[in-house]
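Participant: take a look and give me a structure for this.
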Amino acid sequence: MVFSCCMDLRQIFSTNLRRIRYKTGLSQENLAYDADINRTYVSKLEKGTSAPGLEIIEKLATALDIEPYELLLPRGKQSKRNR
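Facilitator: All right, here's what the predicted structure looks like:
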């Protein structure tokens, strides 16, 4: 799949991050603590106003107990355990 713009991928990431965080029952504060990042940064990521680097994606995925690529998959391509 080819994305028309980097904003598409950023939106996919932010939507997935928020959805998976809600599903796991974590607050932004708890996710930030578990991932060793700032809570305001988590908020910016979920709003799509900041784009994460690979290290941050890895930290968030570890804290959410998922594979990093799952944060970047379009909704229809998600694994069944994260829907």
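Participant: what about stretch 24-32, how long is it end to end?
Facilitator: Counting by CA to CA, to the nearest Å, you get 14 Å between the two ends of stretch 24-32.
Participant: show the contacting residues for P68.
Facilitator: L54, I57, E58, L60, A61 (CB atoms under 8 Å, 6 or more residues apart in numbering). Using the backbone N, CA and C atoms, a C-beta is placed for each residue, glycine as well.
Participant: next, the buried residues of the helix-or-strand element of the chain with minimal mean pLDDT.
Facilitator: Least confident helix or strand of the chain, by mean pLDDT, DSSP states H and E, is helix 6-24 with a mean of 92. For helix 6-24, the neighbour count (16 or more other CB atoms under 10 Å) marks R10, I12, F13, S14, N16, L17, R18, I20, R21 as buried.
Participant: the third one and K59, how far apart?
Facilitator: Same thing as F13. 14 Å (CB to CB, to the nearest Å).
Participant: those helices in the chain, which residues are they?
Facilitator: 6-24, 28-35, 39-47, 54-64 (DSSP state H).
Participant: what's the first one packed up against?
Facilitator: By that I understand helix 6-24. Using 3 or more CB pairs under 8 Å, 6 or more residues apart in numbering; DSSP states H and E, the elements in contact with helix 6-24 are helix 39-47, helix 54-64.
Participant: tell me the angle it makes with helix 39-47.
Facilitator: If you take axes from the mean of the first three to the mean of the last three CA atoms, to 10 degrees, helix 6-24 sits at 110 degrees to helix 39-47.
Participant: and for helix 6-24, what's in contact with it?
Facilitator: Contacts to helix 6-24, defined as CB under 8 Å, 6+ apart, come from residues 3, 28, 31, 42, 45-48, 51-52, 57, 60, 64-66, 70-75, 78, 82.
Participant: buried among those? Need that as a selection in PyMOL.
Facilitator: PyMOL command restricting the contacts of helix 6-24 to the buried ones, with burial defined by 16+ other CB under 10 Å:
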select buried, resi 28+31+42+45+46+48+52+57+60+64+66+70+71+72+73+82
